[in-house]
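K.L.:
Build me a model:
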Amino acid sequence: MISQEEFTVIHTLKAQGYSIRAIARMTGLDRRTVSRRLKQSERKPYAKREYPSKLDRFKPYIQKRLEEALPKRIPSTEILEEIVLRGYDGKLRILQEYMGKWYTEHGFGKAEDPIVRFETKPGYQAQVDWTVIRGGKSPIYAFVMLLSYSRAPFVYFTDNMRQDTWQRCHEKAFVYFGGVPQTILYDNLKSVVIKRDKYGKGKHGFNDAFLDFSKGWFEPRLCRPYRAQTKGKVERFNRYLKENFYIPLKASLKGSGVTITPDLLNLHVFGWIARTNERVHATTLARPTDRLQEERKYLRPYRPEVSAPVKLESFTTNRSIPAIMIDYQTRLQEYEAIVPRRIDHAS
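P.N.:
Numbering: from 1, shown residues only. Sure, this is the predicted structure:
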């Protein structure tokens with residue numbers, strides 16, 4: 001497309017008596033372009049061509065899913081999985097461009113991520129947190145433990161944050177991973193610490209029940225005050241869990257009459273984790289599944305010396321289970337035979 005200035009020059013030179021060949025030579029334009037533009041009394045821009053997109057037939061479905069989740073957002077990777085199952089064979093970039101435009105039109109800007117993450121050696125650190133999934137009279141909390149090296153997560157949903165529940169969730173995570181990391185990083189949870197620097201700088205007053213639980217297994221460590229970003233890996237995963245697991249599941253159950261409970265979420269989450277572990281992590285540039293196999297070599301074996309059995313909820317879904325999940329299931333069955341208590345949901 002030629003500019004308005006070039007269009008004016010072409011007509012000026014023609015009025016001065018120059019031939020089309022001479023005008024083309026003087027302006028560096030093709031003779032056909034010069035000839036075509038001389039036939040126009042004013043510059044007309046080329047009509048923008050609209051090409052069909054592979055995404056077109058999926059846009060009504062995508063729009064419905066995004067509207068169902070508002071004011072929350074469903075990540076493009078989750079929508080991609082859903083439309084691939086419905087026949088989409090295009091690229092993620094096309095979907096991201098469409099969703100970005102859709103969110104902009106609906107007043108949603110790009111969320112900032114201020115979290116800075118630090119890399120650790122395999123088996124050295126895990127980061128643990130409670131995150132609120134649903135508040136109100138029937139709350140749901142997620143216990144999350146993330147191995148810092150592999151980025152492999154463990155998630156368990158409960159309706160309380162009692163100390164016994166807290167400890168049981170740790171035990172389930174250790175069995176799930178096949179061992180215990182050297183250190184675990186926390187923020188100022190009452191389940192962990194009663195008073196920071198109680199006995200001097202860096203000498204904290206830990207919760208006695210939790211300190212007794214941790215002895216001989218791992219070293220609990222605290223983030224700096226008001227610096228939850230220190231455990232940014234688990235903080236970021238908490239958001240990922242809500243956006244990629246909970247919000248899409250909640251949206252898909254909307255209007256179904258199905259009540260979302262901790263048991264329902266636990267029924268689905270481990271299949272979802274198995275799938276997310278197969279994706280290449282943006283920071284490590286490796287699959288958590290692969291790095292976990294390496295990290296497990298450095299975890300301390302976890303074998304609590306107890307005898308009475310306990311019923312443990314299923315860690316499977318109706319989807320196909322990858323081989324690595326079968327290995328987890330075997331260890332969890334062993335756990336049933338050695339751990340005496342279970343986490344009971346409050347009525």
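K.L.:
hey, let's count contacts and neighbours off CA atoms from now on
P.N.:
Noted.
K.L.:
what sits against Pro262?
P.N.:
Neighbour list for Pro262: Ile140, Phe157, Thr158, Asp159 [criterion: C-alpha atoms under 8 Å, 6 or more residues apart in numbering].
K.L.:
can you pull the buried residues of the helix or strand that Arg168 is a member of?
P.N.:
Counting by DSSP states H and E, the element that carries Arg168 is helix 163-177. Within helix 163-177, the residues that qualify as buried by neighbour count (16 or more other C-alpha atoms under 10 Å) are 165-177.
K.L.:
for stretch 66-83, same thing?
P.N.:
With burial defined by 16+ other C-alpha under 10 Å, the residues of stretch 66-83 counted as buried are Leu66, Glu68, Ala69, Arg73, Ile74, Pro75, Ser76, Ile79, Leu80, Ile83.
K.L.:
Which secondary structure state is assigned to the second one?
P.N.:
When the structure is split into helix, strand and coil by DSSP: H, G, I helix; E, B strand; the rest coil, Glu68 lands in helix.
K.L.:
contact partners of the longest strand anywhere in the chain?
P.N.:
Ranked by number of residues, the top strand in the chain under DSSP state E is strand 125-134. The contact list for strand 125-134 (C-alpha under 8 Å, 6+ apart) reads 139-149, 161, 181-187, 231, 233-235, 238, 242, 246.
K.L.:
Look at Leu146 and tell me its secondary structure.
P.N.:
On the basis of three-state DSSP, Leu146 is classed as strand.
K.L.:
Low-confidence ranges, this structure, go.
P.N.:
1-2, 42-51, 109-118, 193-205, 224-231, 304-347 (pLDDT under 70).
K.L.:
Show me the domain layout of it.
P.N.:
4-38, 56-105, 125-336 (automatic domain parsing).
K.L.:
quick one, which of these is packed in tightest?
P.N.:
Using mean count of other C-alpha atoms under 10 Å, the stretch among these with the greatest mean number of neighbours is domain 125-336 (a mean of 17).
K.L.:
Quick check: the residue nearest the centre of the chain vs Pro75, distance?
P.N.:
Most central residue of the chain, judged by C-alpha distance to the mean C-alpha position with C-alpha atoms, centre = their mean, is Tyr240 at 2.8 Å. Look at Tyr240 and Pro75: by C-alpha to C-alpha, to the nearest Å, they are 9 Å apart.
K.L.:
ok, which stretches of the stretch 151-300 of the chain are strands?
P.N.:
Along the stretch 151-300 of the chain, counting by DSSP state E, counting those that start in this stretch, strands occupy 153-158, 183-186, 193-195, 205-206, 219-222.
K.L.:
Could you save the ones you listed as JSON lines and add columns showing distance to Tyr88?
P.N.:
Output for those, formatted as JSON lines (distance: least, C-alpha to C-alpha, whole Å):
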{"stretch": "strand 153-158", "distance to Tyr88": "29"}
{"stretch": "strand 183-186", "distance to Tyr88": "42"}
{"stretch": "strand 193-195", "distance to Tyr88": "50"}
{"stretch": "strand 205-206", "distance to Tyr88": "53"}
{"stretch": "strand 219-222", "distance to Tyr88": "46"}
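K.L.:
List just the one of these that sits closest to Thr289.
P.N.:
With respect to Thr289, and counting by C-alpha to C-alpha, the nearest of the strands of the stretch 151-300 of the chain is strand 153-158 at 10.3 Å.
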